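1. dropping the sequence and predicted coords here.
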Amino acid sequence: MLLPFSVSHERPKKMKYSYLSKTIFPFLLFSFAILSAQKIIIINNAGESINVKSGKKEITINGNDKKEFSETKRISISGPKDLNRFINIFLEPSDQLVIAVEKNTTIHYSGDQASLHQYINEQLNIDTFGSINLYENAGNNKKAGELKNISELLLVNIMKKANLRNILITQNDKDSTKRLKNHIKYSWLNTLFPSIGRADMDFRKEVINYYFKKYIEPDIEKYSCGNSLQYNVLEILAKNKDILQAKLPVYPIVEHTDADNINQYLPQNCQKQYFRNKYNYLEHINGHSKAYYKKVLKEKFNDE
């Protein structure tokens, strides 16, 4: 008689424990997720309203006001005094970054990874574009060794400023680190490749194959154009495919144009970037055919 009695008391305890575990544990997970969520705070100290866009979300921030974003990789800010900026974000899931737009339209960063974002968004382009004349001089003089030394010394200095030990992606890299490495690498190549495009054929063949083999080939199978940097580099490779000592993958053409001979070597999101670049240019000059490119982006690439 004792056995059934003791068993009957045990079952409610298990049921009670099961109930608590099903209610409290999810609550704890939810609370932790809220506390550890990535957060980007935009503060408007410019004195006038600014527009901030992240993905398809666009809001206006009045003067001396602030707004919060989360889980974003890029933010665009536009407003007074020709303010038109793109801010690349490289945060871990629990990081918080404050971006303040000042009265002179300068951008100030504070919080997690502040110095990194200050460098990437405010100085990196100055460093990369500042070496173009050196690249062109090396190309004009057909000094491939000098070009490699100059460009790779610059890359090493950039990596130090970004606190990176290498530029190639590894399996252990976090998502934000992978994106950071790609952004730096293709920002660097984006100024290097165009500067040698008009060089002597033999010189061009040597250096393009050198950089392709060392820096680009590991990306080719899963190549992606998150922005115009990767597109510009792959377009130059496609234009020089006859001297490239490797075969580029061929992709279906999403929308046929007179650039099919180049676009066939671009994956779908890089073809999308082709149309995006065309539309942005025509929008800037108010070109008459911009409506066509906008239509293709919307209907073929689901890009508003």
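-> Okay, I see it.
2. apart from its chain neighbours, what residue comes closest to Phe69?
-> Distances taken as CB to CB, 6 or more residues apart in numbering place Ile40 nearest to Phe69, at 4.5 Å, with adjacent residues excluded. Using the backbone N, CA and C atoms, a C-beta is placed for each residue, glycine as well.
3. show me where pLDDT drops low in this structure?
-> Along the chain, segments meeting pLDDT under 70 span 1-36, 304.
4. recalculate using a threshold of 80.
-> Applying pLDDT under 80 to the chain flags residues 1-37, 71, 81, 197-199, 304.
5. if we can go back for a sec, isn't there a strand covering the residue nearest to Phe69?
-> Yes - assessed with DSSP: H, G, I helix; E, B strand; the rest coil, Ile40 lies in a strand.
6. so it makes contact with Leu91?
-> Yes - contact criterion CB atoms under 8 Å: Ile40 and Leu91 qualify, at 7.4 Å.
7. joint contacts of those two?
-> Leu97 (CB atoms under 8 Å, 6 or more residues apart in numbering).
8. re the thing from before, residues in a beta bridge with the residue nearest to Phe69, which ones?
-> Beta-bridge pairing for Ile40 (DSSP bridges): Phe69, Leu97.
9. what's the burial count for it?
-> Using other CB atoms under 10 Å, Ile40 has 23 other residues around it.
10. contacting residues around it?
-> Contacts of Ile40 (CB under 8 Å, 6+ apart): Glu68, Phe69, Ser70, Thr72, Ile75, Ile89, Leu91, Gln96, Leu97, Val98, Ile99.
11. so how do I select the buried members of those in PyMOL?
-> To isolate the buried members of the contacts of Ile40 in PyMOL, using 16 or more other CB atoms under 10 Å:
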select buried, resi 69+75+89+91+96+97+98+99
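12. between the contacts of Ile40, which is nearest His284?
-> Ile75 (20.7 Å; CB to CB).
13. can you report phi and psi for that closest one?
-> Per-residue torsions, Ile75: phi -130, psi 140 (degrees, to the nearest 10).
14. how many other residues sit next to the spatially closest residue to it that is not a sequence neighbour?
-> In space, and not counting its chain neighbours, Ile75 is closest to Ile87: 4.5 Å by CB to CB, 6+ apart. Neighbours of Ile87 under the rule other CB under 10 Å: 22.
15. the stretch 1-150 of the chain: helices as residue ranges?
-> Along the stretch 1-150 of the chain, counting by DSSP state H, counting those that start in this stretch, helices occupy 2-36, 114-122, 124-129, 132-140, 144-161.
16. contacts for the fourth one?
-> The one in question is helix 132-140. For helix 132-140, contacts defined as CB under 8 Å, 6+ apart pick out 144, 146-147, 150-151, 191-192, 195-196, 198-200, 203.
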